[in-house]
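Q: 3D, please:
(2 chains)
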Amino acid sequence: MLIFEQSRPGRKNRAQLSSQADSAGPVADRLPARLVRRRRLRWPEVSEGQVVRHYTRLSQQNFSIDTHFYPLGSCTMKHNPRASNKLAMLPGFLARHPLAPEPMSQGFMACLYDLQEILKAVTGMEAISLTPAAGAQGEFAGMAMIKAYHESRGDSARTEVLAPDAAHGTNPASAVMCGYRIREIPTRADGDIDFDALQQAIGPQTAGLMLTNPSTLGVFERDIEKIATMVHEAGGLLYYDGANLNAILGKVRPGDMGFDVIHINLHKTFSTPHGGGGPGAGPVGVAARLAPFLPVPVVAKQGDSYAWMTETELPQSIGRLSAFMGNAGVLLRAYVYARMIGREGLERIADYSVLNANYLMARLKKEGFDIAFSDRRATHEFILTLKRQAKELGVNAMDFAKRLLDYGMHAPTTYFPLLVPECLLIEPTETEDKQTLDRFVEAMCSILQEAQRNPDYVKAAPHTLPVKRLDDVRAARQPDLAWSADRDS
Amino acid sequence: MPFIPHTDDETAAMLEAIGVEQIEALFDEIAPALRSQAGEAVPPRLSEMEISRLMHERAGRDGIPTCFAGAGAYDHHIPAAVWELATRGEFYTAYTPYQAEASQGTLQLLYEYQTMMADLNAMEVSNASLYDGASALAEAALMAVRINRKAGSKRILVPRALHPNYRKTLRSIVSHQGILVEEIGFDHASGTVDPARLEQEAQDFAALVIAQPNFFGQLEDIDQLTDWAHSRGAMVIAVVNPVSLAVLKAPGEWGAKGADISCGEGQPLGIPLSSGGPYYGFLCTRQQFIRQMPGRLIGRTVDAEGKPGYTLTLQAREQHIRRSKATSNICTNQGLMVTASTIYMALMGTAGLEQVASACFDKTHGLVERIETLPAARRLFSGDYFHEAVVCLDAPVDSVMRAMQAQNILAGYPLAQDYPELGNSFLVCVTETRSAQDIERYFAHLQRILDKQAQIKCPIQPKM
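A: Below you'll find the predicted structure:
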């Protein structure tokens, strides 16, 4: 039932209404009619008790990390420490106005400055800006900086950005938002980028190459040094999509691999919650030659105090990406996490996320599942392909994914990357224990047996959730994007 | 090992199953020359107790001044239930609802959000959020240019009385696609768009941005501006404050045809000030333009048994499907903020939001009228305003602001940096959260500080 269907005319939530009489009368009477709202709002008229019960019940219809194993590839759904949330929501942080002057902001700015320094050390980059609100905005900022760099050198011929065909969809979309043409580079059968094709594509028109390493195929790009040299020799810059940074924390740094610009998804690697779709944070890091172009504001330390660097201090900046300081509260959560992990804990994140992925891969392989790129080491994630099962049993990757939900596990990422047919991209993360991974293997084996015995049952999954499989085609063909009392009554 | 559950025995068993001796062997595809350490710059780990101590100290360091600043972020009351519910783990730690059947809670909530947000704007549809108000405006501008291809223009007209950081954000995001952002000055008496300046605008343009209330809190003649832009074949993009819409004419009601796209900052609806984020941007439009919208959309559909359910829809617009031809690169949005906002809207209801809007209007007008009685202060613009106003002083604003800060009052937002032409001016805002005593204290200190400043300027009278 929708909240609107619980509404009754005249019901009021008096706890939220002022106890004082409204002596001045409606504001509408004190404004010219041409400025006043004509049709009154039609928000629900419900009590606090109804609201609390309604949204509590809705929350119970969600899978989440707090309630379920959530091995969603490329999304790094690890445990979100409670301390991060509690400490970011201290009254002093919540009450701070974004335009409060610097002397009233030193505690907050100290956290941001420290986080900038930690991210520099972790990534091997020279300078960091924390403002991008999500990975995609970080990509946009990175591409805009690459453009600003080439323009500052009078190099206007570079109109093309290269990206592997397996790249996240945001890569080409971000490059296009920066006015670039995108050219996709094929991937070899072993999972590495097709070096020869890259060599042919690269030239004086190349502004840069966008790369995720480990790649979206769950393997480490072994030619990275050769690739970096080639891109740089052609005058291009190398962009690092940090979606998979979890796999290499403390092991190898993007800066040392030769990347010029990177973004980091704090809502993945630094374990800030995903909130049912966000907010995230996508800080960008750069090599020294790109530092003048960082998006503003950036926090600087002057003696013992902190100051904002804005357009005045960074006149070549690509500018602002949001009205204030990006997703400040997410940055505080990431800072708490980084401090709790510390120098000695970073490498363990890579160790155990990679251990978990390789263990799960080895066990599923042993159970007879087909692993894409099975001759390679898995990184923090790997790809399983159900092409054979789809052909033999008529049960595809989506059917397996939906049936996993019945087993109380969130499905892995399905049908991405597009290169591998009928694929599941599986990322267990380091915070899951062996028993959970074993249960996942058991569930997969059990579903396979069901698919052999009764494929229609698997194809009709899920069976135990609040709704059965939803009609996505109808949703797109007859868009119903807002409720209306008139229609349903 | 914080948050890693493995025992040594389990690790050993897992390594055996993989067929390697040590974890390190799993990294053998990385060239040794590339291997590095994070280095000394990362501080050693802290326990939860230790990081708690540090964060309490830092959160406390900045104090909690009584806030009379607005300028795009507003200190409203947030009902206790809002964040109690929004931080439930099932909302807080879920991912984007790709698996609809396992995400009906978030999806239904977002559908309710879209419904209430569209209703607030008197528009037909709302998306499920963008990053913030400023970036939402940039997305709206890109969308308007896509829709209005027939205008053959990539110029967007933007009032100078729009939030300075919105203008900056708009430029940083849209300029790469050859879109020109041109500013329209304001009339120095009314603080609103100068109609004479508009008439000079003979050239083609794709869209006109109208901010209501504008950055100065002043109310624009929205009907006239909307009809004027439409008569020239341009789109109208509204930038509005959601609380004000309980009282002020909603974008869908502007002029003869209504605004085409409406966007703004969702923070006033249940999101704490929190240093500027996370907030969320809202974006609404007409049904006919839905395929040009950026961001996630939730649709109601039915399941295999005909039961209603909710799912992400029209995904063919989005980057994960359309890649380089997507309407935007946005992927992660501000889901949790919208969760909080939806609960806020349901708790406040129509009457609640109307009362918040009225209280903000009355309290701001009450304070501004008192400030106008001071000899060294006056309201800069004439005409109607909502819950913010520009006050001009006969004293240096910065030193007055500092003196107010010493009383733990954040007295407003100084305008000299963004609008040097406005002299010693600042923007003041009073929300429903300020009590009569807060307002009295503000006025008394301002009066005292201005008196003192005036004395400094007076020649010292010799004692007889």
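
Q: what's near enough to touch A:V219?
A: A:191-192, A:373, A:376-379, B:29 (C-beta atoms under 8 Å, 6 or more residues apart in numbering or on different chains). C-beta here means a position set from N, CA and C on the backbone, and glycine is covered the same way.

Q: Out of those, which is nearest to B:R378?
A: A:T379 (64.9 Å; C-beta to C-beta).

Q: The closest one: what's it in contact with?
A: A:214, A:218-220, A:244, A:247-248, A:354, A:357.

Q: One more pass at 10 Å, please.
A: Contact analysis of A:T379 by C-beta atoms under 10 Å, 6 or more residues apart in numbering or on different chains lists A:213-215, A:217-220, A:244, A:246-248, A:350, A:353-354, A:357-358, A:427, B:26-27, B:29-30.

Q: do the same with A:A175
A: A:A175 touches A:139-140, A:142-143, A:146-147, A:160-163, A:167, A:181-183, A:207-208, A:210, A:239, B:324, B:329, counting by C-beta under 10 Å, 6+ apart.

Q: Repeat that for A:L211.
A: By C-beta under 10 Å, 6+ apart, the neighbours of A:L211 are A:162-164, A:167, A:171, A:185, A:193, A:221, A:224, A:227-228, A:231, A:238-241, A:254, A:257, A:259.

Q: filter these down to the ones near chain B?
A: The subset of the contacts of A:L211 within reach of chain B, by C-beta under 10 Å from any C-beta of the partner chain, is A:163, A:167, A:171, A:221, A:224, A:257.

Q: From these, pick the one nearest A:L2.
A: Using C-beta to C-beta, the ones next to chain B among the contacts of A:L211 come closest to A:L2 at A:N171, 37.6 Å.

Q: Next, count neighbours for that closest one.
A: By the measure other C-beta atoms under 10 Å in any protein chain shown, the count of residues near A:N171 is 30.

Q: Secondary structure element holding it?
A: Element membership for A:N171, per DSSP states H and E: helix A:170-177.

Q: Show the residue spans covered by the helices in the stretch 51-200 of chain B.
A: Ranges of helices within the stretch 51-200 of chain B are B:80-86, B:89-92, B:104-121, B:133-147, B:164-174, B:195-199, based on DSSP state H, counting those that start in this stretch.

Q: Could you count how many residues lie near residue 243?
A: All of this refers to chain A. Count around A:A243 with other C-beta under 10 Å applied: 25.

Q: Hmm, no, I was thinking of chain B.
A: 25.

Q: Tell me who's in contact with A:R474.
A: Listed by C-beta under 10 Å, 6+ apart, the contact set of A:R474 reads A:480, B:299-302, B:311, B:313.

Q: biggest separation within those, which pair?
A: Using C-beta to C-beta, the pair of the contacts of A:R474 lying farthest apart is B:V302 and B:T313, separated by 12.8 Å.

Q: Quick check: beta-bridge partners of the most centrally placed residue in chain B?
A: For chain B, B:E265 is the residue whose C-alpha lies nearest the centre (C-alpha atoms, centre = their mean; 2.9 Å). On the basis of DSSP bridges, B:E265 is bridged to B:G281.

Q: Quick check: it touching A:A323?
A: Yes: at 7.1 Å, B:E265 and A:A323 qualify as touching, with contact defined as C-beta atoms under 10 Å.

Q: Mutual contacts of the two, please.
A: By C-beta under 10 Å, 6+ apart, the residues touching both B:E265 and A:A323 are B:72-73, B:132-134, B:136-137, B:163, B:166, B:279, B:281.

Q: Got the domain ranges for the chain?
A: Going with chain A. A:83-341, A:349-474 (automatic domain parsing).

Q: wrong chain, I was asking about chain B
A: Split by automatic domain parsing, chain B gives B:80-344, B:349-457.

Q: Mean pLDDT added to these, as TSV?
A: As requested, those are exported to TSV (pLDDT from 0 to 100):
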stretch	mean pLDDT
domain B:80-344	95
domain B:349-457	96
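
Q: Go through chain B and flag its longest helix.
A: Of all the segments of type helix in chain B, defined by DSSP state H, the longest one is helix B:335-371.

Q: who's in contact with the next helix or strand after that helix?
A: Going down the chain from helix B:335-371, the next helix or strand is strand B:377-379, by DSSP H and E. Strand B:377-379 has contacts (C-beta under 10 Å, 6+ apart) with B:191, B:217, B:368-372, B:385, B:389-395, B:400, B:424-425, B:428, B:446-447, B:450.

Q: May I have the strands that pair with the helix or strand following strand B:377-379, each with its orientation?
A: As assigned by DSSP H and E, the chain's next helix or strand after strand B:377-379 is strand B:388-393. Partners of strand B:388-393 in the sheet, by DSSP bridges, are strand B:377-379 (antiparallel), strand B:425-429 (antiparallel).

Q: and the angle for strand B:388-393 with helix B:335-371?
A: 40 degrees (axes from the mean of the first three to the mean of the last three C-alpha atoms, to 10 degrees).

Q: chain center to strand B:388-393, what's the gap?
A: Strand B:388-393 has its C-alpha centroid displaced from the chain centroid by 22 Å (C-alpha atoms, centre = their mean, to the nearest Å).

Q: Just the residues contacting the next helix or strand after that strand, thanks.
A: Next helix or strand after strand B:388-393 toward the C-terminus (DSSP H and E): helix B:397-405. Residues from elsewhere that reach helix B:397-405 (C-beta under 10 Å, 6+ apart): A:100-101, A:103-104, B:63, B:65-66, B:68-69, B:376-377, B:391, B:393, B:395-396, B:409-416, B:422-426, B:442, B:445-446, B:448-450, B:452-453, B:456.

Q: ok, and for stretch A:18-33, which residues are buried?
A: Using 16 or more other C-beta atoms under 10 Å in any protein chain shown as the burial criterion, the residues of stretch A:18-33 that qualify are A:27-28, A:31.

Q: Same question for stretch A:355-375.
A: Buried residues in stretch A:355-375 (16+ other C-beta under 10 Å): A:355-364, A:369-373.

Q: In the stretch 1-150 of chain B, what residue comes closest to chain A?
A: B:R45 (2.5 Å; C-beta to the nearest C-beta).

Q: What sits closest to that residue if chain neighbours are left out?
A: The shortest distance from B:R45 to any non-neighbouring residue, by C-beta to C-beta, 6 or more residues apart in numbering or on different chains, is to A:G342 (2.5 Å).
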